[in-house]
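S.K.: only geometry, no sequence info:
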Ligand SMILES: [Zn+2]
């Protein structure tokens with residue numbers, strides 16, 4: 001057993017040394033316990049190579065795929081399909097970094113929440129029409145954005161289900177307690 005802290009980075013180096021070249025680790029745990037923070041910590045450099053390993057051979061960035069993360073200095077961590085927040089973390093990171101050009105125009109939009117779908121004062125649309133931003137570039141941006149939305153919705157749905165289950169359990173316990181008192 002190894003205790004780690006992503007804040008103090010305690011135990012992170014020990015964990016990294018356990019992930020020797022050729023070793024493969026799997027991160028398992030509920031959503032929100034900090035697996036992605038830990039993985040982030042292990043990676044050190046967020047630009048690390050992330051590869052999808054796909055059982056079905058279908059496209060990248062699908063939430064059903066597992067992710068293979070190469071840890072600097074050796075090991076490999078497999079992110080299981082349950083750990084969707086990590087996929088999201090990578091995707092959001094990728095959107096910011098890979099589409100800095102689109103982002104720069106988006107900052108000039110009249111509305112902060114502009115969807116660049118025909119709103120007045122949309123700098124992204126202006127840039128496309130003026131030839132400053134290639135249409136296909138914006139199309140790729142849209143595609144990744146949709147994938148992020150999809151992952152986020154899946155995650156929210158999972159959280160909602162977990163919450164509902166938790167409350168169901170609480171109600172059940174209360175009912176049982178009441179019944180016991182009634183005797
Ligand atoms: Zn816009």
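M.R.: Cool, got the structure. Since the structure is predicted, the reported quantities are computational estimates derived from the model, not experimental observations.

S.K.: ok, residue 20 to the ion distance?
M.R.: To the ion, residue 20 is 48 Å away according to C-beta to the ion, to the nearest Å. Backbone N, C-alpha and C define where each C-beta goes, glycine included.

S.K.: leaving out sequence neighbours, find the closest residue to that residue.
M.R.: With C-beta to C-beta, 6 or more residues apart in numbering as the criterion, residue 20 has its nearest non-adjacent residue at 5.0 Å, and that residue is residue 74.

S.K.: near the ion, which residues of this structure are found?
M.R.: Proximity of the chain to the ion is confined to 109, 114, 116, 122, 124 under the rule C-beta under 5 Å from the ion.

S.K.: ok, the first one - contacts?
M.R.: For residue 109, the contacting residues are 116, 119, 121, 122, 123, 124, by C-beta atoms under 8 Å, 6 or more residues apart in numbering.

S.K.: wait, doesn't residue 34 sit right on residue 6?
M.R.: Yes. Using C-beta atoms under 8 Å, residue 34 makes contact with residue 6 at a distance of 6.2 Å.

S.K.: for the helix ranked longest in the chain, packing partners?
M.R.: Ordering each helix of the chain by length in residues (DSSP state H) puts helix 135-182 first. Under the contact definition 3 or more C-beta pairs under 8 Å, 6 or more residues apart in numbering; DSSP states H and E, helix 135-182 sits against helix 84-98, helix 100-106, helix 123-129.

S.K.: relative to the ion, how far out is residue 38?
M.R.: 36 Å.

S.K.: I should have written residue 9 there, sorry.
M.R.: To the ion, residue 9 is 40 Å away according to C-beta to the ion.

S.K.: so who does that residue touch?
M.R.: Counting by C-beta under 8 Å, 6+ apart, residue 9 makes contact with residue 41.

S.K.: I'd guess it is in a strand, am I close?
M.R.: No. Secondary structure of residue 9 (DSSP: H, G, I helix; E, B strand; the rest coil): coil, not part of a strand.

S.K.: would you list the phi and psi of it?
M.R.: The phi/psi pair for residue 9 (degrees, to the nearest 10) reads phi 70, psi 20.

S.K.: over to residue 70?
M.R.: The phi/psi pair for residue 70 (degrees, to the nearest 10) reads phi -90, psi 120.
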